[in-house]
Structure formats: C-alpha cells, structure tokens
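Asks: heads up, no residue letters with this:
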Ligand code: TRP
C-alpha cells in the first residue's frame, strides 16, 4: 500500500449480516476501489452500541458476521484493511475532542439523525451517544485522514457535518491538519425493501441478506411489490416505482435486456411471474458465489479473526499518530 494512493474509510455497524441494499449502495464501490486506493473498512461495533446498548451480545456476534460478508464478496485483506472500532482508542479520543466543536442544536438538526430518532421511536430518551454519533463518525474518518467515503445516500448529511468539524479544527489549529472528505454514493441510489419501502433493512423484515439461501431469495422475489394496478398480463404496466424493475436496474448487467423488458411491460403482455423469474436468476447468480465463499470462510473463523486483528493493529498506530498530530496542532500541552 503506497502512501500516494487516496485514502478511503468506510464502515458498517455490526448489528446484523449485510444485505443487497448495502451491496448496491456501497460494498460494490469498495470492491472497485480497493485496487487503487488505500482502503480501510471499519467494523463499527462502538457505533452499533449507540442504539444497541441493551444488546451487546448481538453487537459482538455480528463482528465476525460482517467481516465474513466483506471477505465473501471479495474484499481482499492484502488490499483493504479491516479493523475493529472498539479497539481503536484514538477514535474515542478524537470523538471527545470533536464534541467541543459541534453544538447540540446542530446535532439535533442533522436530517439523518432526526429521521433515525423518529424511526427508532426514542421520544425524549435519546441515548447521548446516538445524538453525538456524527462527531464520532467524523473521528472515524479523520483518524485515517480519509478523503473518500463510500456510503449509502442516507449518510450524506453525516459527512457534511464531518466537513464542518474538520473546518473548525483546521480553523482552531490555524492550518490544514485534516483533509476534507467527499461522499461517494452509488449511481443507482438507495435500494428500496422488497415491499417497496424506501429503505431496505433487516429490522424492517424487507431485506435480502448477502448470505440468503436460494429458497430465501426466491421467496423474497415472489413477495416483491410490482405495479399494484397491473392485474392482467395483457394490461400495460408501470415501470417507475416498480420494485422489481428497480432491482433489475441495480443488478442486471444486461442493460439492453432490461430495456426490452421495460418496453414489453409498458406495452402489456409481460407478466409479473416472467419478470420475477428474470430477477430471481440475476440474484441467484450474484449471491451464489458469495454464499459459497462465506460457507468456506465460516469454517475457518480463526482466519477471519486474524484478518481483523492484523488490520486493527495497523489501524491503531495510524490513528494514534493522527490524534497526536491534531492535539499538537491545536496547541494542547505537550511533554517535552
Ligand atoms: N454510520 C454508518 C452506517 O450506519 C456506519 C459507519 C460508522 C461509517 N463509521 C463510519 C460509515 C465511518 C462511513 C465512515 O452505515
């Protein structure tokens, strides 16, 4: 890993196995980037606690699950560094520092935080760690001096806030100690759940896991929403907002075939069953090899753990160096 390569940092909360929404939104980009970037993948177990403090066992057990997903899709530990957030003290140290460079009002205004607070039904009982996670995520990103962050669309406001914190730190330091970051959001946008709802999520029960069995994939595709007004095969059907077409757009590499299907569907005469057969085939082909690799790797969890350990050790020295540099640049007391 040469130091002239741009640095990428991204991460996932370890709350459950990853799904095809993660794949379309961000994992696919990470596969593409690992060859010509210095890429770090953070198993965000500490951030997972911000809304799972009462379920630490779940957060712990999903560390290996998410790591398995990474390796199964083709993340190569010789090209990407996989590391464990809770074992990187500099991230906590930087988080604490950054909390002084952000106001509670600004955190409360963050659209992602607002939406997530609503969705989780916290009411007035918002865990302080949850409200403050944008500052912690700024710490994650800047500790690695990342400039590129591949994330789902919902994370863009978090990155805007990261840049605000970076500008404040650089302002206070009187020099550019931290680089600003850009979000990389996938072109296909956010993948809806199989019920057409805006967000695919395991907890909403509308997801297809990367580790889904062939049957689970087929059942999900059968349940998938199409055009509710497309009752008879010969009727013209609607393509926009039709979940099956949204998925074909995201995963079918044969663009010409997708266009042909869209035309036939709009015209009438293409039934949902035939359409879904196509999507089922595409998803089986995508997930089959991932599932096989995952099964192989899950028989060698010592190897998976070793990958995380080595990555975490590498990340420890890097992030500690950034913390030292930032506190020095800000002019905090230093021992001679
Ligand atoms: N908040 C991200 C999510 O929920 C996970 C995450 C934690 C992350 N730390 C990060 C993403 C740093 C990008 C960079 O998906």
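Replies: Alright, I've got the coordinates. This one's a predicted model, so the numbers in the text were calculated from it and none came from an experiment.

Asks: ok, residue 33 touching residue 10?
Replies: No. Contact criterion Cβ atoms under 8 Å: residue 33 and residue 10 do not qualify, at 9.3 Å. Backbone N, C-alpha and C define where each C-beta goes, glycine included.

Asks: enumerate every residue touching residue 130.
Replies: 50-51, 113, 116-117, 122 (Cβ atoms under 8 Å, 6 or more residues apart in numbering).

Asks: looking at residue 33 and residue 10, which one has more neighbours?
Replies: Taking other Cβ atoms under 10 Å, residue 33 and residue 10 do not tie; residue 10 has more neighbours (25 against 20).

Asks: so the more buried one is in contact with residue 149, correct?
Replies: Yes. Using Cβ under 8 Å, residue 10 is in contact with residue 149, at 5.5 Å.

Asks: residue 170: neighbour count?
Replies: Residue 170 is flanked by 17 other residues according to other Cβ under 10 Å.

Asks: surely it is within a helix?
Replies: Yes. Assessed with DSSP: H, G, I helix; E, B strand; the rest coil, residue 170 lies in a helix.

Asks: quick one: pLDDT of it?
Replies: We have a pLDDT of 98 for residue 170.

Asks: which SS state does the nearest residue to it once chain neighbours are set aside fall under?
Replies: Once flanking residues are discounted, residue 170 sits nearest to residue 176: 5.1 Å by Cβ to Cβ, 6 or more residues apart in numbering. Following three-state DSSP, we place residue 176 in the coil state.

Asks: any idea how far the ligand is from residue 176?
Replies: 21 Å (Cβ to the nearest ligand atom, to the nearest Å).

Asks: with residue 103 instead?
Replies: 20 Å.

Asks: run a quick neighbour tally on the residue of the stretch 201-336 of the chain found nearest the ligand.
Replies: Relative to the ligand, the nearest point of the stretch 201-336 of the chain is residue 201 (10.6 Å; Cβ to the nearest ligand atom). Look at residue 201: counted by other Cβ under 10 Å, it has 16 neighbours.

Asks: what's the answer for residue 285, then?
Replies: 12.

Asks: do residue 202 as well
Replies: Residue 202: 16 surrounding residues under other Cβ under 10 Å.

Asks: where does pLDDT dip in the stretch 1-150 of the chain?
Replies: 1-3 (pLDDT under 70).

Asks: for it, which residues are neighbours of the ligand?
Replies: 9-13, 42, 44, 47, 137, 140-141, 149 (Cβ under 6 Å from any ligand atom).

Asks: in helices, which of those fall?
Replies: Among these, the members falling in helices (DSSP state H) are 47, 137, 140-141.

Asks: export those residues to TSV and append columns for neighbour count.
Replies: Listed next are those as TSV, based on neighbours: other Cβ atoms under 10 Å:
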residue	neighbour count
47	25
137	26
140	26
141	31
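
Asks: out of the residues you listed, who's nearest residue 220?
Replies: residue 47 (27.6 Å; Cβ to Cβ).

Asks: surely the closest one is in contact with residue 53?
Replies: No. Counting by Cβ under 8 Å, residue 53 is not a contact partner of residue 47; they are 11.6 Å apart.

Asks: from one end of stretch 136-151 to the other, what's the distance?
Replies: 16 Å (Cα to Cα, to the nearest Å).

Asks: got the residues of the stretch 151-300 of the chain near the ligand?
Replies: 151, 155.

Asks: burial count for the closest residue to the ligand within the stretch 151-300 of the chain?
Replies: Closest residue of the stretch 151-300 of the chain to the ligand, Cβ to the nearest ligand atom: residue 151 (5.1 Å). Using other Cβ under 10 Å, residue 151 has 20 other residues around it.

Asks: oh, and call the first residue 57 from now on, that's how I've got it
Replies: Done: numbering now begins at 57, and the last item shifts to residue 207.

Asks: and the pLDDT for it?
Replies: Residue 207 is given a pLDDT of 88.

Asks: does it touch residue 215 like I think?
Replies: Yes. Contact criterion Cβ under 8 Å: residue 207 and residue 215 qualify, at 7.0 Å.

Asks: check contacts around the residue of the stretch 207-356 of the chain closest to the ligand.
Replies: So residue 207 contacts 66, 81-82, 214-215, 239-241 (Cβ under 8 Å, 6+ apart).

Asks: out of the residues you listed, the closest to residue 133 would be?
Replies: Nearest to residue 133 among the contacts of residue 207, with distances taken as Cβ to Cβ, is residue 66, at 15.6 Å.

Asks: how about the nearest residue to that closest one, chain neighbours excluded?
Replies: Leaving aside its chain neighbours, residue 66 sits nearest to residue 206 (5.1 Å; criterion: Cβ to Cβ, 6+ apart).
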